[in-house]
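> Sequence and predicted model, in that order:
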Amino acid sequence: MKYFGTDGFRGVANEGLNVEHAYKIGRFVGWYYGARQEKKARIVLGKDTRRSSYMFESALVSGLVASGADAYMLHVIPTPGVSYEVVDGAFDCGVMITASHNPYTDNGIKLVNAEGYKMDEDVLELIEDYIDGKIEVPLATGDAIGCTVDYMQGRNRYIAHLIASANFSLQGVKVGLDCANGAASSVAKPVFDALGADVRVINNSPDGFNINVDCGSTHIDRLRRHVVEQGLDVGFAYDGDADRCLAVDERGNVVDGDLILYICGVYLNKHGRLAAGTVVPTVMSNYGLFKALEQASLSYETTAVGDKNVYACMRENGYSLGGEQSGHIIFGDIECTGDGIMTSLRIMEVLRAERETLSQLCAPVKLYPQELVNVRVTDKDAAMSDEGVLAAVKKAEEFLAGQGRVLVRASGTEPLVRTLAEAPTDELCRKANAIVLEALKPFQA
């Protein structure tokens, strides 16, 4: 793919991704879905709070209606809200304008298909051909020109869906929310308010520039202090487009995606709701999670990094829970994508049902120290296939003697080889990594 990566078309606003790209994406998508049926295409759009999202929204809508599609505008909404509404409203596809946890200067365009999942690659390839001028698309004329619809009811239906998914009351529970000055700002508090929680919100005043700035799931220290200072029972931090969630327990400790997978996996299995008794983490999940799942008599199947790979494994095998350390958790019995607010509700379900604190629920998991080193190389493919490097990885694993592991992988977007060591102590991590780093020296840039 030339423009679309694993998480859509991303770039610095009006540099890597510009307003003309957005217009052309709208032009092609509006034509493509209209040409496949005898009626106008219906496309639903959402955006996060960064300044450039409004510019890209206007360009996309112009392209869509110029090609004969009707554009339904959800305005500011989490990415999973677009996925939900595509299915709920029977739209042809959905568009989300966001760069997730990136700085406000970046932006991106994500496309989802009629099933609410990431757009099929063959369609993305056609869009890229159109952007590059290899395909021509006609302009609509007369009554074939599309219209725009202010679709606030779609956002309200998404909020109602989140509330309805919770069959419990949060009366008397003190909850902290960090909305990252992003897409959760207009959704998370109404959901928790409706369930009766005593809600204390921070970072929910977006101004177009403060999304993800020292806040949210990528900068969680402020929420940790907030939970302790306010004496809260639990805290939740979302990223810019609210498809991720990290939690903070009552003591101010971070509960990452691995710990969320554990507590939700054990709870769902206890109630016969964990398909095949299996959790789907990625290879980057902590070794301590794997050990804890084994001790809880749960199976796990690891995938390559990326929620796309997690969901593909879940879908292929019928599994119902998977996710990443970053807090991108997928509850397959409810949805096909990560939803930060839904994740926080599922954690609250466990807390209410088990009548334990979050720190007590997480206690069985002993996360191992990790050391991750990024090595810039001249040729990552050559480094990854080098016999000396492969032998060093094996030697490092033997050095740890079953007490930990070493994982070496190439970056998907940069000329880097990442080497991750996990072991009971920091010193063992450093020594194991040193074996691999020595073998990588000939490839260093």
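Perfect, thanks for sending it. Numbering: from 1, shown residues only.
> for stretch 144-157, what is the average pLDDT?
The average pLDDT for stretch 144-157 rounds to 96.
> Keeping just the C-alphas, turn that stretch into PDB.
Provided in PDB are the C-alpha atoms of stretch 144-157 (Å, rounded to 0.1, in the frame of the first residue of the first chain):
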ATOM      1  CA  ALA A 144     -28.000  12.600  -8.700                       C
ATOM      2  CA  ILE A 145     -25.800  15.000  -6.600                       C
ATOM      3  CA  GLY A 146     -25.800  13.900  -3.000                       C
ATOM      4  CA  CYS A 147     -26.800  15.700   0.200                       C
ATOM      5  CA  THR A 148     -25.500  16.100   3.700                       C
ATOM      6  CA  VAL A 149     -27.400  15.100   6.800                       C
ATOM      7  CA  ASP A 150     -26.600  16.400  10.300                       C
ATOM      8  CA  TYR A 151     -26.800  13.000  11.900                       C
ATOM      9  CA  MET A 152     -26.700  13.700  15.700                       C
ATOM     10  CA  GLN A 153     -29.200  10.900  16.300                       C
ATOM     11  CA  GLY A 154     -26.600   8.400  15.300                       C
ATOM     12  CA  ARG A 155     -24.300   9.600  18.000                       C
ATOM     13  CA  ASN A 156     -27.200   9.500  20.500                       C
ATOM     14  CA  ARG A 157     -27.900   5.900  19.400                       C
END
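> Just the buried positions in it, please.
Neighbour counts over stretch 144-157 (16 or more other CB atoms under 10 Å) mark 146, 151, 154-155, 157 as buried. Every residue, glycine included, has its C-beta placed from N, CA and C.
> Then stretch 430-445?
Those would be 431-437, 439-440, 443, for stretch 430-445 by 16+ other CB under 10 Å.
> From the rest of the structure, what touches it?
For stretch 430-445, contacts defined as CB atoms under 8 Å, 6 or more residues apart in numbering pick out 371, 373, 375-380, 382-383, 386, 388-389, 391-393, 395-397, 399-400, 404, 406, 408, 415, 417, 419-421, 423.
> Among these, which ones are in helices?
Of the positions in the contacts of stretch 430-445, 380, 382-383, 388-389, 391-393, 395-397, 399-400 sit in helices, assigned by DSSP state H.
> Just flag the most distant two among those residues.
Greatest spatial distance in the ones in helices among the contacts of stretch 430-445: Ala382 and Leu400, 26.0 Å, computed using CB to CB.
> pLDDT below threshold where in the stretch 151-300 of the chain?
The stretch 151-300 of the chain contains no residues with pLDDT under 70.
> quick one, helices of it?
152-164, 188-194, 221-230, 257-270, 287-295 (DSSP state H, counting those that start in this stretch).
> any idea how far the first one is from the chain center?
Using CA atoms, centre = their mean, to the nearest Å, the mean C-alpha position of helix 152-164 is found 20 Å from that of the whole chain.
> Check which helices and strands that helix is in contact with.
strand 70-76, helix 79-88, helix 188-194, helix 340-354 (3 or more CB pairs under 8 Å, 6 or more residues apart in numbering; DSSP states H and E).
> now the angle from it to helix 340-354?
20 degrees (axes from the mean of the first three to the mean of the last three CA atoms, to 10 degrees).
> change the start of the numbering to 96 and stick with it
Sounds good: first residue 96 from here, last item helix 247-259.
> ok, residues contacting helix 247-259?
Under CB under 8 Å, 6+ apart, the answer for helix 247-259 is 139, 167, 169-170, 172-173, 176, 179-180, 183-184, 281-282, 285-286, 289-290, 436-437, 440.
> Filter those down to the buried ones.
Applying 16+ other CB under 10 Å to the contacts of helix 247-259 flags 139, 167, 169-170, 172-173, 176, 179-180, 184, 281-282, 286, 290, 436-437, 440 as buried.
> Packed most tightly, which of the helices of the stretch 246-395 of the chain would that be?
helix 352-365 (a mean of 23; mean count of other CB atoms under 10 Å).
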